[in-house]
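Asks: Build me a structure from this.
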Amino acid sequence: WIISHAEASGVLTHRQSLPREAFLSLADLIFAMADPAVFGLPVAVLSCPWLTTSHPDPRGANLSRVAKALKALLGSSYISRLGVFWDFG
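Replies: As a prediction, the model looks like this:
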């Protein structure tokens, strides 16, 4: 979701306004853990300062950078699915 949102020139909003597809469901987590060939679900943890006093990333610059990094990670043969915890500190 992060990648497609960034590619659509989106910006992040507060958690309560994000669409359901922005989150991993319990079923997603169970599925990720059920495959014996998978050693769990990798999770990227990010903490970014606010870029302005009114919005952490008003133009989506950080979102775009993170999406490019995630796309590169997901393009590897080692990672097919990735959870992201993103905190705007």
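Asks: Can you list the buried residues in the helix or strand bottoming out on mean pLDDT in the chain?
Replies: Within the chain, no helix or strand scores below helix 26-34, which has a mean of 83 by mean pLDDT, DSSP states H and E. Of all the residues in helix 26-34, those buried under the rule 16 or more other CB atoms under 10 Å are residue 32. Placement of C-beta: from N, CA and C, glycine included.
Asks: Contacts made by the longest helix belonging to the chain with the rest, please.
Replies: Ranked by number of residues, the top helix in the chain under DSSP state H is helix 61-74. Contacts with helix 61-74, where a contact means CB atoms under 8 Å, 6 or more residues apart in numbering, come from 2-3, 5-7, 10-12, 44, 46, 48, 51, 56-57, 79-82, 84, 86.
Asks: Other residues contacting the helix or strand that comes right after the least confident helix or strand of the chain?
Replies: Beyond helix 26-34 in the direction of the C-terminus, DSSP states H and E gives the next helix or strand as strand 43-48. Around strand 43-48, the neighbours that count as contacts under CB under 8 Å, 6+ apart are 56-57, 62, 66, 70, 73, 82-89.
Asks: Mind doing that once more with 6 Å?
Replies: With contacts defined as CB atoms under 6 Å, 6 or more residues apart in numbering, strand 43-48 is touched by 62, 83-89.
Asks: show me where pLDDT drops low in this structure?
Replies: Within the chain, the segments meeting pLDDT under 70 span 36-39, 89.
Asks: what about residue 51, distance to residue 68?
Replies: Distance from residue 51 to residue 68, counting by CB to CB, to the nearest Å: 18 Å.
Asks: what's the answer for residue 54, then?
Replies: 25 Å.
Asks: Between those two, which has more neighbouring residues?
Replies: residue 68 (13 against 7; other CB atoms under 10 Å).
Asks: Widest-spaced pair of the contacts of strand 43-48?
Replies: 83 and 89 (19.0 Å; CB to CB).
Asks: Same drill for those two, tell me which one is more crowded.
Replies: residue 83 (15 against 8).
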